[in-house]
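**Q** Mind looking at a prediction? Sequence and model below.
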Amino acid sequence: MIRSDRTAITASALGLCLSMIACTSGLTGSPPLSASERLAVLSPVSSSLLQDPGDGDWLQWGRTYDGQNYSPLSQISRTTVKSLAPAWSAPLQAGLSMPTPLVHEGIMFLHTSPDTVLALDGATGAELWRHAYSPANGSTMKMGLGLGAGRVFAPTSDLHVIALDARTGALAWDHRIELSTPATDRTVFNLRSAPLVVGDKVIQGVTASAGPGGGFIVALDIATGKEIWRFHTLARPGEPGGDSWNDLPLEKRTGGSVWHQGTYAPEFNLIYFGVAPTYDTAPLMRAPTRPGVSNDALFTNATIALDADTGKLRWHYQHLANDQWDLDWAFERTLASINVAGQTRKVVMNVGKMGIMDALDPATGAYLFSIDAETQNMIASIDPQTGRKVVRPERYPDPARETVYCPGPSGARAWPPTSFSPLRGMLYLPLTEWCAKMGMQGSPLLSAPGAKISETDHPDALADKKMGRLQAMNIAGGSLGWRYDLDAPISTSALATAGGLVFIGDLDPSLKAFDDATGALLWRAPLKANPSSSIISYRINETQYVAVVTGMSNFHIGAMAPRYQRFRSGQGLPALASPDGPPSIEVFALPR
């Protein structure tokens, strides 16, 4: 194991390589460097590299600034995937996490439980260094890391962001994020998302499910950790949008969590985030009584575009106002260029819990179009000019009657991100078919009268006895593509590749690969534990790898796994044996 006090690589070993590119690709006449040697000469991840990463690297949560979650690698293809086999596996400590590995020049960086950052050999899984952080409270679930300027950036369970030397794991700085007035209780705020590195800033979103004043986003100086700017995700009294909270004082405004890493458009110098709704819905059920006041609750369920230098709001678009159902539009904002009627059009798109995709102009926030995966019963119509959604009146909470709404608060889609293939112009969406009852019985997730939640089955799931679905969306055509219905819900991201494949992991539990054009299932590998992270692909020397974390606990798996068992029981299907494999990272490659 390489630790922060390890000896430097010798000059003779360094002399094996004329450049890092030659080293890692094995194109020189000399033997490739070992993992420890590669780590010692690991090049810093620069701003230019983040904007244009090498095909073999996976440098960000969604791989690239546009958040497409797409791999340009093609060694593993429709014709070769049948030979894909386990390459290596590394054990992880059990705990709360849903981490996405990052890979740079063959070194894998992984944020795992409890508050531990690992550097691994991406070809073998051998541990190179580890940094264990001791939070003031228990370890919480997190989605990943950030890379930049020779450092690894990690959020902690007690609202710190730390910077580590990428070569050694040594601590470079530790920044404690302070709360904004009127919040005082640090335990109701969390850091879930991976930090976004833009230029000289490390940008971190904060969740605040019940925190007074709501969530926020901070930008920290990449060299020192000092806070540069802060944006509050709930509009404050006296500020733009401040009159959209039905005259609630700031201390009564909650929600606005930032769950996912932002994306970045260098041409506009804008960063894009999604903002979650509030659980305290009762005050927003009352009709406003003063002119100029609404109950839209900005900036919940909105795409916000912030100036990367200043954190100032450039524009916002609210996808669903006054959310009474916890149907977030809080997930990744994907940037893409699509061909429409022979013209290239830039879009920023996202899919909310209902499985509806909204596309906006990334420069202005103007609404462009929507595509509905047709798994929801909430929305009666969408205005083709503005995107305004009309909710069916019978879906609103009412103490006098029960209603069934689809999907329920866990969402047809949730944390696992979508994947966009620029080759196909298709967005691939992991979906779960389930619903909820809203009435006077059930869980008091939301505060409005008659808004207690209990589970019920989705009509489509009852029809075919399947809860999972992989759905393709033709973004340029504005229509649905193919779909593949799965017995079990999908528990990972989708990953599209230049090899013509789409990978997903489900509660089968297995990893699966589909033809990106037709949806045909081409390959399946059983897993010993439920897959519980985004799937990534990377290359070392001439070998392409596919990696997924399994066996970790998180909100998503925690809700989905027992619900799937109850669904199977209700349909007379045999119970599945609970996966008993230990947490690990599982990596696959083609045989050499």
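**A** Great, that's in hand.

**Q** confidence score at residue 340?
**A** Note on residue 340: pLDDT of 77.

**Q** ok now do it, which residues does it touch?
**A** For residue 340, the contacting residues are residue 476, by Cβ atoms under 8 Å, 6 or more residues apart in numbering. The C-beta positions use only the backbone N, C-alpha and C, and glycine is treated the same way.

**Q** which of the residues in stretch 138-149 are buried?
**A** Judged by neighbour count (16 or more other Cβ atoms under 10 Å), stretch 138-149 contains these buried residues: 139, 140, 141, 142, 143, 144, 145, 146, 147, 148, 149.

**Q** And the lengthiest helix in the chain, what's buried?
**A** The residue-count maximum for a helix in the chain (DSSP state H) belongs to helix 555-570. Buried residues in helix 555-570, counted by 16+ other Cβ under 10 Å: 556, 557, 559, 560, 561, 563, 564, 567, 568.

**Q** Sheet partners, orientation included, of whichever helix or strand comes after that helix?
**A** Remark: after helix 555-570, the chain's next helix or strand is strand 584-589, criterion DSSP states H and E. When pairing is defined by DSSP bridges, strand 584-589 lines up against strand 85-91 (antiparallel), strand 543-550 (antiparallel).

**Q** In contact with the closest residue to residue 442 other than its chain neighbours, which residues?
**A** Of all residues not flanking residue 442 in the chain, residue 454 sits nearest, at 3.5 Å (Cβ to Cβ, 6 or more residues apart in numbering). Residue 454 sits next to 436, 437, 439, 441, 442, 443 when contact means Cβ under 8 Å, 6+ apart.

**Q** next one: residue 251
**A** Applying Cβ under 8 Å, 6+ apart, the residues near residue 251 are 182, 212, 213.

**Q** and the residues you listed, which are buried?
**A** Neighbour-count burial (16+ other Cβ under 10 Å) applied to these gives 212, 213.

**Q** one step back: just the buried residues of helix 555-570 now: which is nearest residue 449?
**A** residue 559 (24.4 Å; Cβ to Cβ).

**Q** Isn't the closest one up against residue 410?
**A** Yes: between residue 559 and residue 410 there is a contact at 5.1 Å, judged by Cβ atoms under 8 Å.

**Q** Does residue 192 touch residue 141 like I think?
**A** Yes: the pair residue 192 / residue 141 is scored as a contact, 6.7 Å apart, by Cβ under 8 Å.

**Q** quick one: the strands in the stretch 201-350 of the chain?
**A** 201-206, 216-221, 227-232, 263-265, 270-274, 302-307, 313-318, 334-340, 343-351 (DSSP state E, counting those that start in this stretch).

**Q** now the ones you listed in CSV, with distance to residue 90?
**A** Formatted as CSV, the strands of the stretch 201-350 of the chain follow (distance: least, Cβ to Cβ, whole Å):
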stretch, distance to residue 90
strand 201-206, 27
strand 216-221, 30
strand 227-232, 35
strand 263-265, 29
strand 270-274, 32
strand 302-307, 37
strand 313-318, 42
strand 334-340, 30
strand 343-351, 32
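
**Q** Which one of these lies nearest to residue 57?
**A** Set against residue 57 and scored by Cβ to Cβ, these come closest in strand 263-265, at 16.8 Å.

**Q** Would you give the sheet partners of the closest one, along with the direction of each?
**A** strand 270-274 (antiparallel).

**Q** And the contacts of the strand it pairs with?
**A** Strand 270-274 is contacted from outside by 196, 198, 203, 205, 217, 233, 258-260, 262-265, 302-308, 314, 328-333, 335, 348, 350, 362-363, using Cβ under 8 Å, 6+ apart.

**Q** Make a ChimeraX selection of the buried ones in these.
**A** A single ChimeraX command selects the buried members of the contacts of strand 270-274 (16+ other Cβ under 10 Å):
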select :196,198,203,205,217,233,258,259,260,262,263,264,265,302,303,304,305,306,308,314,328,329,330,331,332,333,335,348,350,362
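
**Q** now the helix or strand hosting the residue nearest to residue 442 and helix 555-570, what's the angle there?
**A** Assigned by DSSP H and E, residue 454 belongs to strand 452-456. Angle, strand 452-456 to helix 555-570, by axes from the mean of the first three to the mean of the last three Cα atoms, to 10 degrees: 50 degrees.
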